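[1] everything below, folded, please.
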Amino acid sequence: MDQIETILQSVSNTLTPIKGIAGVVLGGSRARGTHTLESDIDIGIYYHSDTLDLTALDRAATVLDSEHRTGLIAPPGAWGNWVNGGGWLMINGCHVDFILRDILRVAQAIEDCREGRIAAHYQTGHPHTYLNAMYMGELATCRILSDRDGKIQEIQDKTHPYPQNMREAIIRFFMFEAGFSHMFADKNKNKQDAYYVAAHLVRSVSCLNQVLFALNGEYCINEKKAVRMIDGFQVKPPEYGRRIENLFSLAGYEEEQACTCLKNLIDDVEKLVREV
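    Below you'll find the model as predicted:
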């Protein structure tokens, strides 16, 4: 057994018996197979909010952490309404992130997404937004390490295939916003308001990313590396990643060119939406 598998087994064996924990999963790039040797290990801890023993969870984190630090667990709500809480551990030289998820809330988010009820929320650490669909994507792409009563597997089964209602809702919502934000960026270019223009450029590109993930039936669970992932998709504008890099390299001093680059990308994505 390699080092990563040893850590996963140790974490799962230690956390699963704790009262209120429904199960433990491996998430992020290591579950998706897009990780590097330096990638963190993301551990999703699904819990029942009415019975979770936070004190026991914090003690378990101290035991697992190589330096046996105390007070590692941020309780539900400490990191915001959606990312919730968790902890940052170091185990055998690897960064291991604990991420708390209320299993009933995740199940409700999945039901909403399957019906096309997409909601965007402000969340610390996310430069664009936190979609309720990210809960669904996390579960769709994770590897279940433990599942005490089978609930995690039950709701994971609802994440495949990628829901058509959700696909249509994401494309409709974010295609509109991509053009809307571009309009504000273009209207305010060259008015010595670089922050405002750049913020709309970021927002518009973030919306295009969401549309392209949906077009390809892929879950977007984080803005990080989203552009790189899109470059590997089948349906995408030509040279998407290179054009995004060029757009943001221009944003600080050639705002008109940056806005033109963005408009061309929006036109290309709109064409794909009509064709697919």
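
[2] ok, which stretches of the stretch 51-200 of the chain are helices?
    Secondary structure of the stretch 51-200 of the chain by DSSP state H, counting those that start in this stretch: the helices cover 54-64, 103-114, 132-141, 151-156, 164-187, 194-215.

[3] which one of the ones you listed lies nearest to residue 255?
    The closest of the helices of the stretch 51-200 of the chain to residue 255 is helix 194-215. By CB to CB, the value is 5.4 Å. For every residue, glycine as well, the C-beta is placed using N, CA and C.

[4] who's in contact with the closest residue to residue 111 other than its chain neighbours?
    Nearest in space to residue 111, with sequence neighbours left out and distances taken as CB to CB, 6 or more residues apart in numbering, is residue 158 at 7.8 Å. Applying CB atoms under 8 Å, 6 or more residues apart in numbering to residue 158 gives the contacts 110-111, 114.

[5] name the member of those residues with the most neighbours.
    Using other CB atoms under 10 Å as the neighbour test, these are led by residue 110, with 23 neighbours.

[6] how close does it get to residue 123?
    For residue 110, the distance to residue 123 equals 18 Å [CB to CB, to the nearest Å].

[7] same check, this time on residue 147
    26 Å.

[8] how big is the angle separating the host helix or strand of residue 265 from helix 194-215?
    Take DSSP states H and E as the rule and residue 265 turns out to sit in helix 255-275. Angle of helix 255-275 versus helix 194-215, following axes from the mean of the first three to the mean of the last three CA atoms, to 10 degrees, is 20 degrees.

[9] who does helix 255-275 touch, helix- and strand-wise?
    Secondary-structure packing of helix 255-275 (3 or more CB pairs under 8 Å, 6 or more residues apart in numbering; DSSP states H and E): helix 164-187, helix 194-215, helix 240-250.
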